[in-house]
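1. Need a 3D model of the following:
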Amino acid sequence: MVESQDRETVRALLDSVRDAGRSALTAPEGKIVADAYGIAVPGEELAQDVDEAVAFADRLGGPVVLKIVSPDVLHKTDAGGVVVGVEGGVQVRAAFQRIIENVRAYAPDARIDGVQVQQLVPPGQEVIVGAVTDPTFGKVVAFGLGGVLVEVLKDITFRLAPVSADEALSMLDSIGAAEILRGVRGAAPVDRWALAEQIRRVSQLVTDFPEIAEVDLNPVIAAPDGAVAADIRILLSTETVKPRRTYPREAILASMRRLMEPRSVAVIGASNEQGKIGNSVMRNLIDGGFSGEIHPVNPRADDILGRKAYKSVTDVPGEVDVAVFAIPAKFVASALEEVGRKGIPNAVLIPSGFAETGEQALQDEIVAIGEQYGVRLLGPNIYGYYSTWQDLCATFCTPYDVKGGVALTSQSGGIGMAILGFARSTKTGVSAIVGLGNKSDIDEDDLLTWFGEDPNTKCIAMHLEDLKDGRAFVEAARATVPKKPIVVLKAGRTSAGAKAAGSHTGALAGDDAVYDDILRQAGVIRAPGLNDMLEYARALPVLPTPKGDNVVIITGAGGSGVLLSDAIVDNGLSLMEIPPDLDTAFKAFIPPFGAAGNPIDITGGEPPSTYEATIRLGMEDPRIHALVLGYWHTIVTPPMVFAELTARVVAEFRERGIEKPVVASLAGDTEVEEACQYLFEHGVVAYPYTTEKPVAVLGAKYRWARAAGLLDGDR
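-> The predicted structure is shown next:
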């Protein structure tokens, strides 16, 4: 706990740095901040001349480190401003003079405040602890291997600040070199609590003082008896961030309900002319069977597709829940004013020609109008949206009416159409498909808030190129994940945001690295590609939630068993160690030349009864939590015979209240495609010609179950 007087000390210091026109704290100023927040640093003194340096080194005792102190020299080592392991008056004098000469040559105009004389920290494991201001997520704390190798190895992990003590400890296990911290080759483990405390305290510091842009403790020397930051760098922000307008959860739900379950829709720009967007939207609403009121708005028509047309949306009688815009961008602002005066809560802006084409001022104008009148804006630059349970197709694209539990969103129209085609070809039932476009207002966290409460939605899948407010998204995700899985495809795996960073931590905080860790922290399943996102979304509602980690492979082909085992490891799953009694039970059903253990290889020439008996045993034994089936096409057991018997056994156990995730990989001729479709429709996730995909889907289900705390070991 940081005392109020310590916060006041830091506040006064930061204000004085700002008043001096500086954005970087000197090392002595960094120590003041560290002391106030309990961040362990070595003893040190600031020497103004060489005699003071000698006296301070003598007082500190033992070898010391000398470092230049200058507000104009951020990277002290590059300037030759650091000398390590100096001991005795002669060495201190020589080092002091060399540092001054090096810095004068490196930066002739640099202001030199003195030379820092610091205790030399005993050897230990070098790590980095830091914090940056991410443009999406705000304050983010980082931890990884430190020292000179930090930017080479890039073994670093991120979390939203502030972190709890448990979250800080989890960061120690989230880097690739975590085993080093536990002690290898006879080395003692580091003091995990002390190291986690350094992380937690840095995260609290940047949370308390948002103007701190970056903090860099590099290296932190982690030893068995503590963790000390040998160097601290603090940078202040030079920019003022405009706060984003936010809405209370109740207001979001009220608005989204009227958007997704409207009773009345107005189409601004409705048309009788085929080929016009306004005509396509009207036809989709009418032909799709929307049972609410549909009001065409067009000042030059009296009747559109057999319905009375209105000159202005203000002329439409009664309440309207949604106004769909199908007019050119230049007319949107004036029409949106009328929507605001009418009191319509939602505007679906299909037109392009806004920020995506450089017309930021035009987009800013409509956002201001929306805020003035309390109109939530979906878009602009979108294909519209589908709300299947309302028979609502408010788009100019092809209709889709297969109702189900998957809600899909996309920032791109092209990806939206890929979603639609996939849904149609796989017969995926959806609750909604929503285009987000420029996200001038409504974005992923609004939709997450709604879909999290929507009883028709069982799984949410989102394609996104960016997040306007990463923290709002994480908050909405954390509220939703315990109830249903969220799958995200994040496009743009770049580190462009790190180019202007002023610290090691900042240089490592690439966009994708931060997204990856923080989405995982929020319990979100990140899909590596578009097809993966769509398959996860289709499959996760089909699979029951596993109750434990024990996965068993039953296969008719040894080669498939090996590949399935590899996929199990790749997806972080656990192959069950088969106990002797269960091993004996499986052996009773397989030929002598087969193999029990795990994978259980029943061999390819076995009849349907062998598949059925082993699957039945896998479902029956409570120690087994999930089954992975590997099928090999033979005339002895044809694909549809395998599919039907598997579906029948799984359904029988489901009726008895025994549900386990079952996935299958089918190898064979084209008949296996029909068998996979049949299995999918009967609660078994199955894919032809691949061993990777079914296990990847199972892995995604497990990642969600762990994040939601639903595995027995998590409760």
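2. so what's residue 693 up against?
-> 535, 665, 687 (CB atoms under 8 Å, 6 or more residues apart in numbering). Every C-beta, even on glycine, is put in place using the N, C-alpha and C of the backbone.
3. okay, these in CSV with secondary structure next?
-> Listed next are the contacts of residue 693 as CSV, based on DSSP: H, G, I helix; E, B strand; the rest coil:
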residue, secondary structure
535, helix
665, strand
687, strand
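4. Please list all residues in contact with residue 532.
-> 489, 696.
5. Relative to residue 310, how far out is it?
-> 46 Å (CB to CB, to the nearest Å).
6. Residue 177 now?
-> 67 Å.
7. Show me how far stretch 172-189 is from its chain's centre.
-> With CA atoms, centre = their mean, to the nearest Å as the basis, stretch 172-189 stands 26 Å off its chain's centre.
8. err, stretch 207-226, not the other one
-> 24 Å.
9. Show me what counts as buried in it.
-> Judged by neighbour count (16 or more other CB atoms under 10 Å), stretch 207-226 contains these buried residues: 207-209, 211-223, 226.
10. taking the residues you listed one by one, which sit in strands?
-> 212-223, 226 (DSSP state E).
11. Let me have those residues in CSV, adding pLDDT and distance to residue 527 as columns.
-> As requested, those are exported to CSV (pLDDT from 0 to 100; distance: CB to CB, whole Å):
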residue, pLDDT, distance to residue 527
212, 96, 34
213, 94, 32
214, 94, 31
215, 95, 33
216, 93, 33
217, 94, 34
218, 88, 33
219, 90, 36
220, 95, 35
221, 94, 39
222, 95, 35
223, 94, 41
226, 94, 42
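12. okay if I get those residues as CSV plus distance to residue 134?
-> CSV is the format used below for these (distance: CB to CB, whole Å):
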residue, distance to residue 134
212, 13
213, 11
214, 11
215, 13
216, 15
217, 18
218, 18
219, 23
220, 21
221, 27
222, 25
223, 31
226, 30
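13. Pick the one among those residues closest to residue 642.
-> Relative to residue 642, the closest of these is residue 222; by CB to CB it sits at 54.4 Å.
14. The closest one pairs with what?
-> residue 125, residue 227 (DSSP bridges).
15. that older thread, separate out the buried members of the contacts of residue 693.
-> Members of the contacts of residue 693 classed as buried by 16+ other CB under 10 Å are 535, 665, 687.
16. Now those in a markdown table, please, with extra columns for pLDDT and distance to residue 5.
-> Shown next, in a markdown table, are the buried ones among the contacts of residue 693 (pLDDT from 0 to 100; distance: CB to CB, whole Å):
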| residue | pLDDT | distance to residue 5 |
| --- | --- | --- |
| 535 | 97 | 56 |
| 665 | 98 | 64 |
| 687 | 98 | 63 |
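17. Quick one: the helices in the stretch 151-300 of the chain, in order.
-> Here the stretch 151-300 of the chain has its helices, by DSSP state H, counting those that start in this stretch, at 165-172, 178-182, 192-208, 249-260, 277-287.
18. List the buried residues in the shortest one.
-> Residues of helix 178-182 classed as buried: 180, 181 (neighbour count, 16+ other CB under 10 Å).
19. go on, the last one?
-> Under the neighbour-count criterion of 16+ other CB under 10 Å, helix 277-287 has 277, 278, 279, 280, 281, 282, 284, 285 buried.
20. per-residue confidence for residue 266?
-> On pLDDT, residue 266 comes in at 98.
21. my read: it touches residue 317, true?
-> No. Proximity of residue 266 to residue 317 does not meet the contact threshold set by CB atoms under 8 Å, at 10.9 Å.
22. More neighbours: the two, which one.
-> residue 266 (24 against 10; other CB atoms under 10 Å).
23. Taking the buried residues of helix 277-287, tell me the two that lie furthest apart.
-> 277 and 285 (12.6 Å).
24. what mean pLDDT does stretch 126-143 have?
-> Per-residue scores along stretch 126-143 average to 93.
25. for it, the distance to its chain's centre please.
-> 16 Å.
26. Now do that stretch: distance from first to last residue.
-> 11 Å (CA to CA, to the nearest Å).
27. Next, the buried residues of that stretch.
-> 126-134, 136-143.
28. Tell me which entries of those lie within strands.
-> Short answer: these in strands (DSSP E) are 126-134, 138-143.
29. Return the closest of the ones in strands among the buried residues of stretch 207-226 with respect to residue 599.
-> residue 222 (41.2 Å).
30. how far away is that closest one from residue 62?
-> 20 Å.
31. In terms of helices and strands, where is residue 91?
-> helix 89-106 (DSSP states H and E).
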